[in-house]
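S.K.: Generate coordinates for the sequence data below:
(one chain, ligands or ions: 4)
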Amino acid sequence: MGVASAEAIHSQYDSILILDFGSQYSHLIARRCRELNVYCEMLPCTQKIAELDWKPKGVILSGSPFSVYDDGAPRVDKAVFDLGVPVLGICYGLQEIAWTFGGKVDPHDRREYGKAMIDVVKTGNAHADRLFDGEAEQVQVWMSHGDQLSKCPEDFEVIARTSTAPFAALAHKSKPIFGIQFHAEVTHSPRGKELFGNFVTKICGCKQDWNMETFIDKEIARIRELVGPKARVIGAISGGVDSSVAAKLMHEALGDRFHAVMVDNGVLRGGEAKQVYEMLSKGLGVNLTVVDASDLFLGRLENVDDPEKKRKIIGNTFINVFDEEVTKLEAQAEKEEAEALKAGRQHEAKGKYEYLMQGTLYPDVIESISFKGPSATIKTHHNVGGLLENMKLKLIEPLRELFKDEVRELGKVMGIPAHLVGRHPFPGPGLAVRILGPVTRAQVEILQQADAIYIEEIRKAGIYNEISQAFAVLLPVRAVGVQGDKRTYDQVVALRAVQTTDFMTATWYPFTYDFLSTVSNRITNEVQGVNRVVYDISSKPPGTIEWL
Ligand SMILES: Nc1ncnc2c1ncn2[C@@H]1O[C@H](COP(=O)(O)OP(=O)(O)OP(=O)(O)O)[C@@H](O)[C@H]1O
Ligand SMILES: O=c1[nH]c(=O)c2[nH+]cn([C@@H]3O[C@H](COP(=O)(O)O)[C@@H](O)[C@H]3O)c2[nH]1
Ligand SMILES: NC(=O)CC[C@H](N)C(=O)O
Ligand SMILES: [Mg+2]
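M.R.: Ligands and ions are numbered 1, 2, ... in the order given. Reported below is the predicted structural model:
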């Protein structure tokens, strides 16, 4: 493992460190840096600089729900200012810098939320003026604060103000320390990208070389070094974007020392197991076993109505099936290794399975290390995390530094077709969380048909990529209808389509009436057992994206 950290990404690219004080926008700071092709990592604000095993080219302090004068307000490690690299504080970050350097921060009677115009102040100090280099005299920004600086610390000067905030941005007179009261990281600050550009490239001097082409080579080298010349790796593959891209990367790095396992749990989309097999095995040359465990899953789901019970059953059954498959693969690998050694084919002998690959993404990592601590469980999201406790395999996560759009880009660069890497996410518990009421094979088939029609129409209308996630839901109610002069008493399908950037909040997609009417007609005409279609116009919150 020591070898892997020597090769860690932050030592291969000029990297920015973001210290998270718990702002709802913290991850957007990371997005902004990445968008500029500069690598960054986010750590909780409690990180001790002395314990960091790499040196950032610059540090950004995020906003926070706290006030700097609160008891128990999170404090920045002062060593940040002795690193000798530029520091930028955003909102709370600015207030924390001011507080640290002897300024004053108070609650303010004129709180500022939303759009604001800042006046850029040219100080004549070229060093201080760099942050707003190239900006107009007035810049539109987004504010979200109730506290305000009432006294600028000595050694700092004002580089921007608004009509209510005299200290909208500060710069240290001689050191590269800056602070902005507004949130340059949100899209509502239209010049945000340029401002971050000034900081990370001009002030920190970061090279803009973080891109998926260079990432591939470095990551392949890192995987090879980590796994060594003989060991093998197992991957749990759902056919979703993340695990498919991760599998392709592992395959490039290790060839047939990587073996993927996909579990058909009986609640996949129509024809999905076959499609995934075609794509990964035939298309990308990945070693893949598809385990058909649909009878086992559907058997255990019989008569289960409660959403959390469904999730638990699927999660646990998944672990059983996967475990069993790993045991089989391990036995096979040991046999092969022994045979090769016995026959004197030393060089051909492949080792044992030592690693389990997971498709963990950076948002999952951020979530789990966040300063904010664990949030209330809304629903139990199932992934392979539960496997680790009783497995001796070590974990390998080739995508753990990447955001979803970077994963899609990576997939494209590695030659996975665009329509596959652009696919909407699909949850581990699959259609079981889209069938309200008990899950049966008959219900699964109805939903598979309705969902396929819906997605086909979305693709035909050319709006698939505008929508973040779309799917059909089968409701546990029956309604009376009339079809071909006959009374029907059939089920209802609800359509869901949302737009979102982080899946934490979402808005429903504004389809045209024509589109909705086409889908409704097709589903009621083509899917036996459905006589009504409704469209879900709930955002998240108060709804969640899935219905269960
Ligand atoms: N049916 C399955 N068989 C094997 N592994 C699975 C299955 N379902 C889920 N997994 C594992 O759980 C992980 C988490 O699933 P998740 O849906 O977050 O990612 P994904 O399916 O790879 O990508 P996407 O977000 O596009 O759906 C997957 O990466 C995969 O390792
Ligand atoms: O891998 C997964 N395992 C799960 O158990 C699971 N539950 C929900 N989702 C997906 O997560 C996103 C947010 O969904 P919710 O708003 O319904 O919580 C949406 O993209 C959901 O599809 C899951 N993904
Ligand atoms: N967005 C923020 O960082 C807010 C900081 C502080 N809580 C304030 O209200 O001013
Ligand atoms: Mg998935």
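S.K.: so where is this protein shaky, pLDDT-wise?
M.R.: Residue ranges of the chain with pLDDT under 70: 1-7, 367-390.
S.K.: tell me, what residue is most central in it?
M.R.: Relative to the mean C-alpha position of the chain, the nearest C-alpha, by CA atoms, centre = their mean, is the one of P363, at 3.9 Å.
S.K.: in what helix or strand does that one lie?
M.R.: Secondary structure assignment for P363, by DSSP states H and E: helix 362-369.
S.K.: I'd like the next helix or strand past that helix.
M.R.: Under the assignment DSSP H and E, the closest C-terminal helix or strand after helix 362-369 is strand 394-396.
S.K.: Are there helices or strands packed against the very next helix or strand once past that following strand, and which ones?
M.R.: Next helix or strand after strand 394-396 toward the C-terminus (DSSP H and E): helix 404-413. Under the contact criterion of 3 or more CB pairs under 8 Å, 6 or more residues apart in numbering; DSSP states H and E, helix 404-413 touches helix 212-227, helix 241-254, helix 418-421. In this view, the C-beta of every residue, glycine as well, is placed from N, C-alpha and C.
S.K.: is the second one up against ligand 1 anywhere?
M.R.: Yes: legend: contact between helix 241-254 and ligand 1 by CB under 6 Å from any ligand atom is shown at 241-243.
S.K.: wouldn't E466 be in contact with A497 here?
M.R.: No: with contact defined as CB atoms under 8 Å, E466 does not reach A497; the gap is 9.5 Å.
S.K.: Please identify which of these two sits among more neighbours.
M.R.: Using other CB atoms under 10 Å, the more surrounded residue of E466 and A497 is A497, with 23 against 11.
S.K.: got the buried residues for the helix or strand harbouring that one?
M.R.: In this assignment (DSSP H and E), A497 forms part of strand 486-499. The neighbour-count check on strand 486-499 (16 or more other CB atoms under 10 Å) flags 488, 490-498 as buried.
S.K.: Could you do stretch 519-533 as well?
M.R.: By 16+ other CB under 10 Å, the buried positions in stretch 519-533 come out as 519-520, 522-524, 527, 529-533.
S.K.: and what of stretch 10-26?
M.R.: Going by neighbour count (16+ other CB under 10 Å), the buried part of stretch 10-26 is 10, 12-26.
S.K.: before we move on, what about stretch 275-287?
M.R.: 276-277, 279-281, 283-284, 286-287.
S.K.: Let's have those in a markdown table, adding secondary structure and distance to ligand 4.
M.R.: Formatted as a markdown table, these follow (DSSP: H, G, I helix; E, B strand; the rest coil; distance: CB to the ion, whole Å):
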| residue | secondary structure | distance to ligand 4 |
| --- | --- | --- |
| V276 | helix | 11 |
| Y277 | helix | 16 |
| M279 | helix | 14 |
| L280 | helix | 14 |
| S281 | helix | 18 |
| G283 | helix | 18 |
| L284 | coil | 17 |
| V286 | coil | 17 |
| N287 | strand | 20 |
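S.K.: re earlier: residues contacting the residue nearest to the centre of the chain?
M.R.: P363 makes contact with 27, 403-404, 502, according to CB atoms under 8 Å, 6 or more residues apart in numbering.
S.K.: tell me which of the residues you listed is nearest to K328?
M.R.: Nearest to K328 out of these is K404 (CB to CB; 32.5 Å).
S.K.: Find the nearest non-adjacent residue to that closest one, please.
M.R.: Spatial nearest neighbour of K404, chain neighbours left out: L361 (6.2 Å); criterion: CB to CB, 6 or more residues apart in numbering.
S.K.: What is the burial count for the one you found?
M.R.: The tally of other residues near L361 (other CB under 10 Å) stands at 21.
S.K.: if we can go back for a sec, just the buried members of the contacts of P363?
M.R.: Applying 16+ other CB under 10 Å to those, the neighbour count classes 27, 403-404 as buried.
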